[in-house]
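> model this:
(chains A and B)
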2 protein chains.
Amino acid sequence: MTIENLSSNKSFGGWHKQYGHQSESLGCAMRFAIYLPPQVATGQKVPVLYWLSGLTCTDENFMQKAGAHRIAAELGIAIVAPDTSPRGEGIADDESYDLGQGAGFYVNATEQPWARHYRMYDYVLNELPALIEAVFPVNDQRAIAGHSMGGHGALVLALRNPQRFRSVSAFSPISNPVSCPWGEKAFSAYLGKDTARWSDYDASVLMRDAREFVPALVDQGEADNFLAEQLKPEALQRAANASGYPLELRRHEGYDHSYYFIASFIEQHLRFHGRYLGCTS
Amino acid sequence: MTIENLSSNKSFGGWHKQYGHQSESLGCAMRFAIYLPPQVATGQKVPVLYWLSGLTCTDENFMQKAGAHRIAAELGIAIVAPDTSPRGEGIADDESYDLGQGAGFYVNATEQPWARHYRMYDYVLNELPALIEAVFPVNDQRAIAGHSMGGHGALVLALRNPQRFRSVSAFSPISNPVSCPWGEKAFSAYLGKDTARWSDYDASVLMRDAREFVPALVDQGEADNFLAEQLKPEALQRAANASGYPLELRRHEGYDHSYYFIASFIEQHLRFHGRYLGCTS
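Residues are numbered from 1 along each chain as shown, chains lettered A, B, ... in the order given. Okay, the predicted model is just below:
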């Protein structure tokens, strides 16, 4: 398990670092970022929040724009931000922004030409946490969160693996991808035309049928251009009502799909996760 | 005075907005960003912090990466971020990152081919505040701050115009441009070979000779790659010692030249300015 440190920046008394490694599940070189709070300098093992980003993003967007380091430093939470897809020469791609590189949708693709590399579900669920827990001073308390496509990924990963995550949160998630244009396009390509195979990656379907619960917080801006056509939080709310899922879905007047929305409420998300991750402050 | 709204994002209960306008002093179309805190919605006129960015930046870097909106919203301070130079087709430029577009150095150029458009000193001192105070619900209490090249600009503007700014702060400023490679290159091009004409744009020279004082806070990272060759805060400290200038210069172990450093300490800068801008919280 070889990883290469690519950059280091001191931030709020802790460290933001980027690493490169060869991913087995994805079959290519990958980069991720980690924020290590100041508590690790004292030998303390800290819990980890995995952050999944949206379409076109890399590991950098959240780390640079969310303003999350301040609260992570206070609470003693590490944050890990993977890339949003396999990348590089020889990796299948598409000219559009919402398919291929930068748009992995956190699934294990079964169709050609995607099946060889597009296995972000496995990467985020298994390979990346195993690497993080082997290399960095973290414990096995995990939370997961994300934005838009990454909010979809975070919800799906937590709903399918409630024993692996203490809590889940999302900003503006693609809540019902089996019935929105982004999801239909990506799932058709990655999973094939048989829509019955899409349900495993749909947060609303999974939440409706859930029997084991992970505390879930979702924030949605009312001025989000993608709200009605792509995001459909009402489907997630209906699913939670049906199964009695502990979902807190909040709508915020005037906020859009940008990182300014995430920055405005990330403190509340981190404090929400902190309650389930054993953070004392 | 026509300005065009280019974007709006709700942020921490206030609004981040980008505007385009035709600048008279620069002779080209310019873009700036403003953060309007929630207090303006109640009819309150708020003070303004002008933020000057560093080499290669636009109005976006600070707004997206500094995490400043949270405290500006709490204190009730508007933030205005101009671009770092005139821009566009027909505007003189240079292939290097540290001269021409994105590198205006906040001077009024006297030499060709720069003199026609490169008048960022006038733009930031006069045209932009006049526009801001005519169009937005702000009062005439002004502070100024910046990073690197923008830290140089903020210090020079405040030192030469102590009646115009209540306070000044800088991260990693180019403190003595008349004797560092960035400054020598830019000032030779913009101001000519006669180094006697450079002193008006050198914070250390101006601070040494200052008789009217503006409270000044400067933060510098000890792990900044540009510290020894380009930034020279020791020259600024010597100047403050000579004139008795109220400069607080702080050095921070481990921090570099990036926005992670700015984000880590921007709250302290905003609270510093808030004390002089009449903010009550």
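
> From now on I want contacts and neighbour counts done on CA atoms only, so please keep to that.
OK.

> Could you list the low-pLDDT ranges of the stretch 1-150 of chain A?
Within the stretch 1-150 of chain A, the segments meeting pLDDT under 70 span A:1.

> Helices along that one, start to end?
For the stretch 1-150 of chain A, the helices defined by DSSP state H, counting those that start in this stretch occupy A:60-65, A:69-75, A:120-122, A:128-135, A:149-160.

> would you turn the ones you listed into CSV with mean neighbour count?
Converted to CSV, these look like this (neighbours: other C-alpha atoms under 10 Å in any protein chain shown):
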stretch, mean neighbour count
helix A:60-65, 20
helix A:69-75, 21
helix A:120-122, 22
helix A:128-135, 15
helix A:149-160, 28
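
> mind giving me CSV with the ones you listed and columns for distance to chain B?
Output for those, formatted as CSV (distance: least, C-alpha to the nearest C-alpha, whole Å):
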stretch, distance to chain B
helix A:60-65, 5
helix A:69-75, 7
helix A:120-122, 27
helix A:128-135, 22
helix A:149-160, 20
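
> pretty sure A:Leu247 contacts A:Ala216?
Yes: at 4.8 Å, A:Leu247 and A:Ala216 qualify as touching, with contact defined as C-alpha atoms under 8 Å.

> of the two, who's got more company?
Between A:Leu247 and A:Ala216, counted using other C-alpha atoms under 10 Å in any protein chain shown, the more crowded position is A:Ala216 (23 against 20).

> Can you pull the residues of the stretch 151-281 of chain A lying near chain B?
Contact residues (C-alpha under 8 Å from any C-alpha of the partner chain) of the stretch 151-281 of chain A with chain B: A:Gly254, A:Tyr255, A:Asp256, A:Ser258, A:Tyr259, A:Tyr260, A:Phe261, A:Ala263, A:Ser264, A:Phe265.

> need the contact list for the third one.
Neighbour list for A:Asp256: A:Gly221, A:Glu222, A:Ala223, A:Asp224, A:Asn225, B:Asn9, B:Lys10 [criterion: C-alpha atoms under 8 Å, 6 or more residues apart in numbering or on different chains].

> Sort out which one of those residues lies nearest A:Ser188 for me.
A:Asn225 (23.6 Å; C-alpha to C-alpha).

> Show the model's pLDDT score for that closest one.
In this model, A:Asn225 is scored at 97, pLDDT.

> which stretch of helix or strand covers it?
Per DSSP states H and E, A:Asn225 falls between elements, in no helix or strand.

> I'd assumed A:His257 was in contact with it.
Yes: between A:Asn225 and A:His257 there is a contact under C-alpha under 8 Å: 7.0 Å.

> So the two - more neighbours on which side?
Counted by other C-alpha under 10 Å, A:Asn225 and A:His257 do not tie: A:His257 has more neighbours, with 21 against 13.

> Can you pull up the residues of the stretch 1-150 of chain A that come close to chain B?
Selection of the stretch 1-150 of chain A residues close to chain B by C-alpha under 8 Å from any C-alpha yields A:Asn9, A:Lys10, A:Ser11, A:Phe12, A:Gly13, A:Gln64, A:Lys65, A:Ala66, A:Gly67, A:Arg70.

> Check the burial of the fourth one by counting its neighbours.
To tie it back to what came earlier, the one meant is A:Phe12. Look at A:Phe12: counted by other C-alpha under 10 Å, it has 23 neighbours.

> these two touch, right, it and A:Leu75?
No: A:Phe12 is not in contact with A:Leu75 according to C-alpha under 8 Å; the separation is 11.9 Å.

> Please report the distance of A:Tyr245 from chain B.
Noted for A:Tyr245: a distance of 29 Å to chain B, by C-alpha to the nearest C-alpha, to the nearest Å.

> Show me the residues of the stretch 1-150 of chain A next to chain B that map onto strands.
A:Asn9, A:Lys10, A:Ser11 (DSSP state E).

> What subset of these is buried?
A:Asn9, A:Lys10, A:Ser11 (16 or more other C-alpha atoms under 10 Å in any protein chain shown).

> and which of those residues is nearest B:Glu95?
Nearest member of those to B:Glu95, counting by C-alpha to C-alpha, is A:Asn9, at 28.3 Å.

> which residues touch the closest one?
A:Asn9 makes contacts with A:Trp15, A:His16, A:Lys17, B:Tyr255, B:Asp256, B:Ser258, B:Tyr260, B:Phe261, as judged by C-alpha under 8 Å, 6+ apart.

> Pipe these into a markdown table and attach distance to A:Asp93 per row.
Listed next are these as a markdown table, based on distance: C-alpha to C-alpha, whole Å:
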| residue | distance to A:Asp93 |
| --- | --- |
| A:Trp15 | 33 |
| A:His16 | 29 |
| A:Lys17 | 27 |
| B:Tyr255 | 38 |
| B:Asp256 | 36 |
| B:Ser258 | 32 |
| B:Tyr260 | 32 |
| B:Phe261 | 36 |
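
> From the residues you listed, which land in strands?
Short answer: those in strands (DSSP E) are A:Trp15, A:His16, A:Lys17.

> ok so, going back, quick check: the farthest pair among the contacts of A:Asp256?
Farthest apart among those by C-alpha to C-alpha are A:Asn225 and B:Lys10. That separation is 13.3 Å.

> Okay, A:Ser258 and A:Phe226: tell me how far apart.
Per C-alpha to C-alpha, to the nearest Å, A:Ser258 is found 11 Å from A:Phe226.

> Repeat that for A:Leu26.
Distance of A:Leu26 to A:Phe226, given as C-alpha to C-alpha: 29 Å.

> what does A:Gln141 give?
Relative to A:Phe226, A:Gln141 is positioned 33 Å away (C-alpha to C-alpha).

> Which elements pack onto the longest helix along chain A?
Longest helix in chain A by number of residues, with DSSP state H as the criterion: helix A:259-276. In terms of contacts (3 or more C-alpha pairs under 8 Å, 6 or more residues apart in numbering or on different chains; DSSP states H and E), helix A:259-276 is packed against helix A:60-65, helix A:69-75, strand A:167-171, strand A:216-221, strand B:3-11.

> Any buried residues in that helix, and which?
Result for helix A:259-276 [16+ other C-alpha under 10 Å]: buried residues A:259-267, A:269-274, A:276.

> Could you work out the most separated pair of these?
A:Tyr260 and A:Tyr276 (25.7 Å).

> Flag the shaky bits of the stretch 151-281 of chain A, pLDDT-wise.
Those would be A:281, if you go by pLDDT under 70 across the stretch 151-281 of chain A.

> Quick check: A:Gln18 touching A:Met30?
No: judged on C-alpha under 8 Å, A:Gln18 makes no contact with A:Met30 at a distance of 10.5 Å.

> what's near enough to touch the residue nearest the centre of chain A?
A centroid search over chain A (C-alpha atoms, centre = their mean) returns A:Leu52, at 2.4 Å, as the residue closest to the centre. With contact taken as C-alpha under 8 Å, 6+ apart, A:Leu52 is in contact with A:81-84, A:144-147, A:149-151, A:153-154.

> so who does A:Asp211 touch?
Not quite, residue A:211 is Arg, not Asp. A:Arg211 is in contact with A:Ser243, counting by C-alpha under 8 Å, 6+ apart.

> count of residues packed around A:His117?
Using other C-alpha under 10 Å, A:His117 has 22 other residues around it.

> A:Ala186 too?
Residues lying near A:Ala186 (other C-alpha under 10 Å) number 21.

> check which helix or strand covers it.
Using DSSP H and E, A:Ala186 maps to helix A:181-191.

> Show me what counts as buried in that helix.
In terms of neighbour count (16+ other C-alpha under 10 Å), helix A:181-191 has its buried residues at A:Trp182, A:Gly183, A:Glu184, A:Lys185, A:Ala186, A:Phe187, A:Ser188, A:Ala189, A:Tyr190, A:Leu191.
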